[in-house]
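Participant: need a 3D model of the sequence below.
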Amino acid sequence: MKSTHTHALLLIILMFAVSHLNARQGHFRPDSLTVVTISGKVIVTVATFQDTLKHNDSVVTRTVTKYFLDANTNGIAEYELNFGPDWYSPDSSDAVRPLDGETVVISGGQANRLTRDSLIMVIVYDINDKFWRNPYDAYWNKMGTSPHDGRGRGHKGYGFGFMHDSLTTITVSGVALVDTTFRNEQFFIDVNNDQTVDYILNFGPYWYNPSSNAKRPAVGDSVVIVGGLLNKRTAPMIIVYSINGQVWRDSITVGKDLGGCWSGKDIKQGSTFHSPFDTNSFVTMRQGWSGGGMMNNDLYGQILELVPGDVPNQGNEKVMAAYEISLFDRNGNNVMLQNGKVGNHINFGSSAQVQLHFTDYQLQWNNFNKSTVQVKYWDNNSDNWTTVSNASLSPATNSVSFLQNTVGGLVILTAEQSAVSDVVADNAQAAGSYALSQNYPNPFNPTTVINYAIPKAGMVTLKVYNILGKEVATLISGNQVQGSYSVEFNASDFPSGMYIYQLKSADFVTSKKMLLVK
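Facilitator: Okay, here's the model as predicted:
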């Protein structure tokens, strides 16, 4: 980039420094990105500024670092490289951020929209063939010694067996740091206001929400966290029990074994292990599982929930939910690995009882049709997904259960997709009335989804207003038939702040608030 371009760019960075202080690049969905490989010379720009912390009125010095790539070596950047927030570093490699002038090869996800500087954005996955980040990472599973390689598809698994740290209940307070690059946000806390990570905050999978209606923090929020401390290699992790006095999850369900348990080969009754974040997803090894000597050792079982995109070999399967089942022997070897990768399956002497639970949010993620849910497991012998034919679906409890002698290491729930969300439709039909859902995500940057339902045909408008009551966008305006609908609001051209969205018909009007944070 020529010096004149650099100076202009620095002025732009300074103008937007506060709003970009946490390197927010905007809730990308990995499936919307095109994987590309690019090479060239890196251009690094850094801006320093004074920032007032709202929670305690103190003033600190902040820096914003941006990375660009000159692919044509003509001094002008064509790409902006998104390495995530300044505090991010990979946990599965020794890759580091590039220096100004360094020549690099980048593999990453190319966004379908331009940056503020009219450049093409690429979210970095690998740099110089070293792992940087996995867009589908189920990071909440990294709670102990694990063979995972961090690369997602084709991974070695997240299961950590019984070789995890014990939990110590602690209370910490500080400022929330949030990596918002992808929809499955990652949360951290800075306890001494130096913009560095002191603890990873484990709120569980991004579809988990507590019955207390407690919310995950936004960037810069002042928070008090009570949770179970795990000592991690990169940074200590806290499994969150409460946030600002509101219950997030019951510490009893976590337990010292994080949902896992031993099954003795001569057990006289069933032994159950469950997901660390959902006791309604579990596996019970029943009496006689060892098959009269088929297995010579006791086994330690775990079931972990994955990001659907993290599942190897998924092919054209429409994955609504995914689970990794791991079984470890006394030496810490995962018998569900084959050729060093997850996906093996084992036949036992008695049927294992399996129940898999999913949430309304998982249904809404891609408008999955609940009535079409099926269970499949990966069969390494046939290199194919095998349907569990005797699975029983309970729509009332959002769960699927079955008995089977074959236990697969990778299990998925598949479903057909509907034009509208089953959850919104069910709610509207049950109430026989209009329904307007809270937008998700909220806060958002720059896109969010609004679901609504109408009980009868008629003229409908869905509009967005700023906090002063001025109309800024019309999302829907026209006649619609009875049913449920989903619309995306793209606020890339709007400033940060509170907005109001309003659903209106001839005999009904309601509105909700949403927060845009850039």
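Participant: gap between Val319 and Ala176?
Facilitator: Val319 is 30 Å from Ala176, where distance means Cβ to Cβ, to the nearest Å. Bear in mind the C-beta positions are built from the backbone N, C-alpha and C, glycine included.
Participant: just Arg113 next, same as before
Facilitator: Between Arg113 and Ala176 the computed distance is 26 Å (Cβ to Cβ).
Participant: ok, now Tyr485?
Facilitator: From Tyr485 to Ala176 the distance is 33 Å (Cβ to Cβ).
Participant: what does Lys376 give?
Facilitator: In this view, Lys376 and Ala176 are 38 Å apart by Cβ to Cβ.
Participant: do I have it right that Asn297 meets Lys265?
Facilitator: Yes - counting by Cβ atoms under 8 Å, Asn297 does reach Lys265; the two are 6.9 Å apart.
Participant: the two - which one has more neighbours?
Facilitator: Legend: neighbour count by other Cβ atoms under 10 Å for Asn297 and Lys265, higher for Lys265 (18 against 15).
Participant: with just CA atoms, put stretch 490-500 into PDB.
Facilitator: Extracted C-alpha coordinates of stretch 490-500, given in PDB (Å, rounded to 0.1, in the frame of the first residue of the first chain):
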ATOM      1  CA  ASN A 490     -28.600  -6.200   7.400                       C
ATOM      2  CA  ALA A 491     -27.400  -3.100   9.400                       C
ATOM      3  CA  SER A 492     -24.000  -2.800   7.700                       C
ATOM      4  CA  ASP A 493     -24.900   0.800   6.700                       C
ATOM      5  CA  PHE A 494     -26.200   1.800  10.100                       C
ATOM      6  CA  PRO A 495     -24.300   3.200  13.200                       C
ATOM      7  CA  SER A 496     -24.100   1.300  16.400                       C
ATOM      8  CA  GLY A 497     -27.000   1.800  18.800                       C
ATOM      9  CA  MET A 498     -30.500   0.700  19.900                       C
ATOM     10  CA  TYR A 499     -33.100   0.000  17.300                       C
ATOM     11  CA  ILE A 500     -36.800  -0.800  17.500                       C
END
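Participant: in it, which residues are buried?
Facilitator: Ala491, Phe494, Ser496, Tyr499, Ile500 (16 or more other Cβ atoms under 10 Å).
Participant: show only the entries of those found in strands.
Facilitator: Tyr499, Ile500 (DSSP state E).
Participant: from the buried residues of stretch 490-500, pick the one nearest Ala352.
Facilitator: Of all the buried residues of stretch 490-500, Ala491 has the smallest distance to Ala352: 47.6 Å, by Cβ to Cβ.
Participant: quick one, grab the pLDDT at that closest one.
Facilitator: If you check Ala491, the pLDDT there is 91.
Participant: in three-state terms, label Thr253 for me.
Facilitator: Using DSSP: H, G, I helix; E, B strand; the rest coil, the structure places Thr253 in helix.
Participant: residues in contact with it?
Facilitator: Gly259, Pro276, Thr279 (Cβ atoms under 8 Å, 6 or more residues apart in numbering).
Participant: rewinding a little: which one's more surrounded, Arg113 and Ala176?
Facilitator: Taking neighbours as other Cβ under 10 Å, Arg113 and Ala176 compare with Ala176 leading, 20 against 13.
Participant: got the buried residues for the helix or strand where Ser486 lies?
Facilitator: Per DSSP states H and E, Ser486 falls inside strand 483-490. By 16+ other Cβ under 10 Å, the buried positions in strand 483-490 come out as Gly483, Ser484, Tyr485, Ser486, Phe489.
Participant: does the last one touch Leu475 like I think?
Facilitator: Yes - Phe489 lies in contact with Leu475 (Cβ under 8 Å); the separation is 6.1 Å.
Participant: wait, what's in contact with Tyr208?
Facilitator: By Cβ under 8 Å, 6+ apart, the contact list for Tyr208 reads Arg249, Phe277, Asp278, Thr359.
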